[in-house]
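Q: Can you look at this prediction? I've put the sequence above it.
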Amino acid sequence: MNELVHYQQERGIATVTLDSPENRNALSRRLVAELRAAIERAMAEPSVRAIVLTGTGTTFCSGADLKEQLAANQTGAATGPAGGGVPDVIRLIRNGPKPVVARVNGHARAGGIGLIAAADIAVAPEDATFAFSEVRVGVVPAIIAVPIMEKVGRTAVAELFLSGQTFDARRAAAIGLLTRAVPAAEVDAAVREYVEALLLASPAALAACKELIRTVPGAPFDQALAWAAEFSARMFASEDAREGMAAFLEKRKPRWQEV
């Protein structure tokens with residue numbers, strides 16, 4: 001049986017590729033299980049510094065596998081993406097210690113956009129299109145609303161969730177869903193630019209930055225400031241901080257600890 005998700009590791013970068021182009025990389029139970037295993041593997045591997053998530057074909061991910069979901073509905077076993085493990089994958093991408101760069105290879109719909117929103121950095125070609133098409137098939141973008149509403153404002157979310165209208169990559173970048181929208185020929189260069197920057201950083205500091213980004217928004221100001229002060233003190237006292245500052249002063253490359 002062919003793999004629906006491929007895993008490749010090189011130079012400290014784990015590339016996870018969705019490879020089910022015949023159904024536009026839909027989130028079938030099998031694909032989600034393989035995706036979860038690949039992300040878990042990358043997050044647990046000490047030599048991995050960053051993860052690139054991408055797909056094959058002209059579509060990054062089309063969302064739920066509707067044929068699979070309809071069959072489950074007709075037998076009374078419907079649970080939607082929740083039963084297929086999608087929340088676990090989103091949680092792993094968002095909460096895992098390694099930064100995740102979404103190399104969006106093409107169009108994205110519904111749950112596929114949730115994967116993009118969970119990533120730390122996302123780059124897409126300008127000709128890619130996006131849509132929260134759930135309402136047009138009688139469901140709602142419930143699970144993916146959680147990571148999406150961390151990045152996209154309520155006004156844009158209401159418009160796009162309720163209308164189900166298609167929007168382009170430039171709009172996706174403007175509302176904060178994407179980091180950058182670039183010409184298709186420049187996607188790999190843009191992703192490489194981010195990856196090379198991540199490889200220069202302390203893995204522990206990158207993990208701490210992800211925690212910082214998750215923790216501070218929405219917290220009461222004084223509580224957030226007190227937490228950040230303690231967090232900062234802990235990081236400045238860390239082994240990587242000592243190494244990083246010494247390397248800077250000695251004009252040499254730092255030797256980071258693995259995470």
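A: That came through fine.
Q: any idea how far R192 is from L4?
A: For L4, the distance to R192 equals 26 Å [C-beta to C-beta, to the nearest Å]. C-betas here are computed from N, CA, C, even on glycine.
Q: Please read the previous query as pertaining to M43.
A: 22 Å.
Q: Same drill for those two, tell me which one is more crowded.
A: M43 (19 against 15; other C-beta atoms under 10 Å).
Q: Leaving out the residues flanking it, which one is nearest to that one?
A: G96 (4.1 Å; C-beta to C-beta, 6 or more residues apart in numbering).
Q: Share the number of residues neighbouring the one you found, please.
A: 19.
Q: Surely M245 is in a strand?
A: No - counting by DSSP: H, G, I helix; E, B strand; the rest coil, M245 is not part of a strand but helix.
Q: which stretches of the stretch 51-200 of the chain have low pLDDT?
A: Along the stretch 51-200 of the chain, the parts satisfying pLDDT under 70 run over 76-83.
Q: got the residue ranges for the strands in the chain?
A: In the chain, the segments counted as strands under DSSP state E are 5-10, 13-18, 50-55, 59-61, 100-103, 107-109, 121-125, 129-131, 167-168, 180-182.
Q: Reformat the ones you listed as a markdown table; add distance to K151.
A: Below are the strands of the chain laid out as a markdown table (distance: least, C-beta to C-beta, whole Å):
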| stretch | distance to K151 |
| --- | --- |
| strand 5-10 | 24 |
| strand 13-18 | 21 |
| strand 50-55 | 16 |
| strand 59-61 | 17 |
| strand 100-103 | 12 |
| strand 107-109 | 14 |
| strand 121-125 | 9 |
| strand 129-131 | 13 |
| strand 167-168 | 15 |
| strand 180-182 | 14 |
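Q: Relative to A102, how far out is the closest residue to H6 other than its chain neighbours?
A: Spatial nearest neighbour of H6, chain neighbours left out: T17 (4.4 Å); criterion: C-beta to C-beta, 6+ apart. Using C-beta to C-beta, one obtains 12 Å as the distance from T17 to A102.
Q: Comparing the two, which residue is more hemmed in?
A: Per other C-beta under 10 Å, whichever of T17 and A102 has more neighbours is A102, with 28 against 20.
Q: List the contacts of that one.
A: Neighbouring residues of A102 by C-beta atoms under 8 Å, 6 or more residues apart in numbering: 53-54, 60, 115-116, 119, 121-124.
Q: who wins for neighbours among those?
A: A124 (31 neighbours).
Q: Give me the nearest residue to that one, chain neighbours excluded.
A: Counting by C-beta to C-beta, 6+ apart, V104 is the residue found nearest to A124 once chain neighbours are left out, at 3.6 Å.
Q: try V137
A: Closest to V137 by C-beta to C-beta, 6+ apart is L66, at 6.7 Å.
Q: Count the neighbours of that neighbour for me.
A: Neighbour tally, L66, other C-beta under 10 Å: 15.
Q: now swap in V146 and tell me
A: 16.
Q: That one and N95 touch, don't they?
A: No - assessed by C-beta atoms under 8 Å, V146 is found out of contact with N95, at 11.8 Å.
Q: So what sits opposite the nearest residue to L198 once chain neighbours are set aside in the bridge?
A: Leaving aside its sequence neighbours, L198 sits nearest to A50 (C-beta to C-beta, 6+ apart; 4.3 Å). Assessed by DSSP bridges, A50 has beta-bridge partners I13.
Q: For stretch 188-207, list the C-alpha coordinates in PDB.
A: Taking Å, rounded to 0.1, in the frame of the first residue of the first chain, the C-alpha atoms of stretch 188-207 are listed here in PDB:
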ATOM      1  CA  ASP A 188      10.700  27.500  -2.900                       C
ATOM      2  CA  ALA A 189      13.100  30.500  -2.500                       C
ATOM      3  CA  ALA A 190      10.900  32.100   0.100                       C
ATOM      4  CA  VAL A 191      10.500  28.800   2.100                       C
ATOM      5  CA  ARG A 192      14.300  28.300   1.900                       C
ATOM      6  CA  GLU A 193      14.800  31.800   3.200                       C
ATOM      7  CA  TYR A 194      12.800  31.100   6.300                       C
ATOM      8  CA  VAL A 195      14.300  27.600   6.800                       C
ATOM      9  CA  GLU A 196      17.800  29.000   6.600                       C
ATOM     10  CA  ALA A 197      16.900  31.600   9.200                       C
ATOM     11  CA  LEU A 198      15.500  29.000  11.500                       C
ATOM     12  CA  LEU A 199      18.600  26.900  11.200                       C
ATOM     13  CA  LEU A 200      20.700  29.800  12.700                       C
ATOM     14  CA  ALA A 201      18.500  30.000  15.800                       C
ATOM     15  CA  SER A 202      18.700  28.100  19.100                       C
ATOM     16  CA  PRO A 203      16.300  25.200  19.000                       C
ATOM     17  CA  ALA A 204      15.400  25.900  22.600                       C
ATOM     18  CA  ALA A 205      14.800  29.500  21.900                       C
ATOM     19  CA  LEU A 206      12.500  28.600  18.900                       C
ATOM     20  CA  ALA A 207      10.500  26.300  21.100                       C
END
